[in-house]
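Asks: starting from these lines, generate the structure:
(chains A and B)
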Amino acid sequence: MSTDSTLDPRTESPSVETSPPSTGASHEEGTRWLGTVLAWSAWAMFFVSLVFAVGWYRMRAPWPSLPISRWALGLTGLVLLAGDGVLPLVARRDRREPSGARRSPLTPWVAMGLGLVFLALQATWTHLAWWDEHLRIPEGGVPASAFYGLTALHALHVVGVMSGFFFLVLRHLRGADVRTSLRRHVLGWRFVSGMWLLLFAAVYLP
Amino acid sequence: MSLSSSDHKAVARRYLWSGLGFLAFGGLLALLIRWQWAFPGQPVPGLAWALPESHGALTPPTYTAVFTTHGLVMIFFAVTPLLFGALGHFVVPLAIGARGLAFPRLSSVGFWVYALGGALVLASFGLRLGPASAGWTGYPPLSTSVFTPGLGQTLVTVAVLCAGVSAFLYGLNFVVTVVRCRAPGMTWGRLPLTVWGLFFASVLNVLFVPVLAAATVLVLMDRLLGTQFFVAGAAAVGGGGDPLVYQHLFWLFGHPEVYILILPAWGMVGDFVAFFSRRPAHGYRLTAGAMGAVSALSGLVYAHHLFTSGMSPVLGRTFMVLTLLISLPAEVMFLNWLMTLWRGSVRLTSPMLAALATMSVFGLGGITGLALGAVATDVPLHGTLWVVGHFHLTMGAASFLGVFAGLYFWFPKMFGRALHEGLAKAHVLASAVLFLGVFGGQLAAGYAGQLRRLYDPYQYTYLRHLLPLNQWTTACAFLLGAVQGLFVVNLAWTLRRGRAADANPWRVGTLEWTCAPSPPPEGNFARPPVVLRGPHALSQPESIERLGRDWLGQAEDLPASPATATSPEAPVALTSGGAS
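Replies: I've put the predicted structure just below:
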């Protein structure tokens, strides 16, 4: 019954096709790529769980409309979605630069710029909701908690992704070749924009 | 070795020492709980310095804090870090022929995040209003600031988050390492079962730890920012939240956590019964597949923890069926282990004894779990010591014995020294018997109706007759604590004066024993091994004929002609198993 443990002649030769080579820069980059994809995919469970919780509350009682226009909130998300379209193109352009190029890659700057715009808009909406529309916690109950809490958690992830780009710039300034890292960092952007769609559907829509 | 080293063996040793420290701490807390159940309200000898106002007796708040901290320390800071942090970090790269983990710095960062969490738990004891006291599950509204206003509960909630982040990081690292860093020829069908167990458990870690993180973050926001996710009833503002949401999220993580804690131990049992029966593992692929099936099902059964929460009976029935289904792959695995043992040349070494003990206590724990998986029997048993006995047998005793099976097996590889085998066997046997005494006693008390977490169960007339049973169980628990001294003495003696370990003391063929010295250097292997066969090439006639021994290394060439002389490492003590 034991299959591969025996001395079956078929098992005597190494099956190299299933085992990746353990050295080489491309193999290492592939490993990092897989790690990044897995990490973000698995961490999506964090937001899925938050959405599950909000879904529970929404099933229990009617979900009130937020005092901020859903069009305004949607426009904010468009900044992230625009990044999804632009960043891969910029990253591709950066990767074509020769390895010794001194010019700083453009991708981190574009990402940090778009990220700042997104965060500024989100901060504006939450500020208006709190001070002008008097949507407060704890008085606002679960809807207000979800609006501020989940928006803040998502914004923290955006800050995390922007920090990744910031450190990329620092590494470049120290002379490291960061071109291969660009593609992985753009994955972080895709993650936060994907999770924003969940947030929009679960919390912002009435 | 440097504390900043990111070599997987150095990180493993860090996890080992801190995990053992927390195991001792959690164990001492368990003894306090047992004392309270045997001698309620009476001073604990030697504890007056810590509790001067009660002259050393546990007060109700102290008792609550003690059982809370015992549970979460054991799960998040002792058993999980020992299985993954210590054994997983050490074994995975060596067993697959890798030079290290895929992301060495990530594993080092993970350890320090875990250490920060551990420090926060310990620090919580020095705070006003004491440490956490909402139970290890941290159910709201108990864990909100309405019921536990002290900073201790907040720190411990952050500590759980730290332990979760650490588990996520090493889980991710193990998955990527197994997928990407295997040696040439190390196909999936040639992985040791231990690696399979750690791999599946790591997949569960990365999938479900984020769920715990979400639940914990929501509790923290309720505590610190005034959000209303879980605050309900009179304390609620603006309509209030629902504590039941937390229970769903917690158990969506919590039930896979049971398998996270036992899958690595199952993998080790699968390997060790083969190694020490001197036979190839029976149904290797089926065993690995069964572990995969259990992992897949583990995410679909969580709501059997919530049968009494008022959920729809239809949902209750659905989760009952799924829960009972999970016992099928578990049975397949058990039968494969038994078939491997059958007519094997069994050597009762300390790792083998620990593996057999793991099988026994997990078997009993699994059977008692059936009663909790079925709605009709769960309803009367819910919240009783039956539940406590059941999960201590599965997650506590079985995982503990699994840890020691692994530790006794890989200790010579980790430190290059051989533990005293007699002391190790005595430790394993005594621990296994006493575990059955302690948790068997809990099962009996639970069946008689004793509710868990009661400060003084004998306030209730119908529980008074259980005092002698609880005192007997407490005696077993104190003895269990005492026999851990055998391990401590063995460890201290061996590290100071133990004899150098043989190159391959267990006579097995896996890569760590056949291709790397003990302890392995940085980079593990002088050159990457090329794997030729599976991990259980034991008692094969060709190997006996040509090499004069009953084991064959995974990366070892089999010579064409019979050996002319028997090497000192290759005793001709051949077996009646596959060799006969």
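
Asks: quick check: residue B:120 vs residue B:169, distance?
Replies: In this view, residue B:120 and residue B:169 are 18 Å apart by CB to CB, to the nearest Å. Where you see a C-beta, it was placed from the backbone N, CA and C, and this is true even at glycine.

Asks: actually residue B:43, not the one I wrote
Replies: The gap separating residue B:43 from residue B:169 is 43 Å, by CB to CB.

Asks: neighbour count for these two, which is higher?
Replies: Comparing residue B:43 with residue B:169 by neighbour count (other CB atoms under 10 Å in any protein chain shown), the higher total belongs to residue B:169, at 23 against 15.

Asks: which SS state does that one fall under?
Replies: Here residue B:169 is recorded as helix under DSSP: H, G, I helix; E, B strand; the rest coil.

Asks: ok, now how distant is it from residue B:101?
Replies: Between residue B:169 and residue B:101 the distance, using CB to CB, works out to 11 Å.

Asks: overlap of the contact sets of these two?
Replies: residue B:107 (CB atoms under 8 Å, 6 or more residues apart in numbering or on different chains).

Asks: show me the contacts for the closest residue to residue B:510 other than its chain neighbours.
Replies: Nearest residue to residue B:510, sequence neighbours excluded (CB to CB, 6 or more residues apart in numbering or on different chains): residue B:535, at 4.9 Å. Going by CB under 8 Å, 6+ apart, residue B:535 touches A:5, B:95, B:190, B:191, B:192, B:193, B:271, B:274, B:508, B:509, B:510, B:554.

Asks: surely the fourth one meets residue B:96?
Replies: Same thing as residue B:191. Yes - if you go by CB atoms under 8 Å, residue B:191 and residue B:96 touch, sitting 6.7 Å apart.

Asks: mutual contacts of the two, please.
Replies: Residues touching both residue B:191 and residue B:96 (CB under 8 Å, 6+ apart) are B:178, B:182.

Asks: hmm, residue B:268 is touching residue B:194, no?
Replies: Yes - contact criterion CB under 8 Å: residue B:268 and residue B:194 qualify, at 5.0 Å.

Asks: list residues touching both of those two?
Replies: Here residue B:268 and residue B:194 share the contacting residues residue B:406, scored by CB under 8 Å, 6+ apart.

Asks: and the residue nearest to residue B:510, which of the three is it?
Replies: Of the three states, residue B:535 takes coil according to three-state DSSP.

Asks: swap in residue B:132?
Replies: Assigned with three-state DSSP, residue B:132 falls in the coil class.

Asks: for it, grab the count of nearby residues.
Replies: Neighbourhood size, residue B:132 [other CB under 10 Å]: 28.

Asks: repeat for residue B:342
Replies: Close neighbours of residue B:342, defined as other CB under 10 Å, add up to 12.

Asks: got phi/psi on it?
Replies: Here is the backbone geometry of residue B:342 (degrees, to the nearest 10): phi -60, psi 120.

Asks: now do the contacts for it.
Replies: Contacts of residue B:342 (CB under 8 Å, 6+ apart): residue B:282.

Asks: touching, residue B:34 and residue B:472? I think so.
Replies: No - between residue B:34 and residue B:472 there is no contact under CB under 8 Å: 10.8 Å.

Asks: neighbour-wise, which of those two wins?
Replies: Neighbours per residue (other CB under 10 Å) separate residue B:34 from residue B:472, with residue B:34 holding more: 23 against 15.

Asks: spell out which residues of the stretch 1-150 of chain B are next to chain A.
Replies: B:98, B:99, B:102, B:103 (CB under 8 Å from any CB of the partner chain).

Asks: name the nearest residue to residue 180, sequence neighbours excluded.
Replies: I went with chain A, as the question did not name one. According to CB to CB, 6+ apart, the nearest residue to residue A:180 is residue A:29 (5.2 Å).

Asks: wrong chain, I was asking about chain B
Replies: Counting by CB to CB, 6+ apart, the residue nearest residue B:180 is residue A:31, at 4.4 Å.
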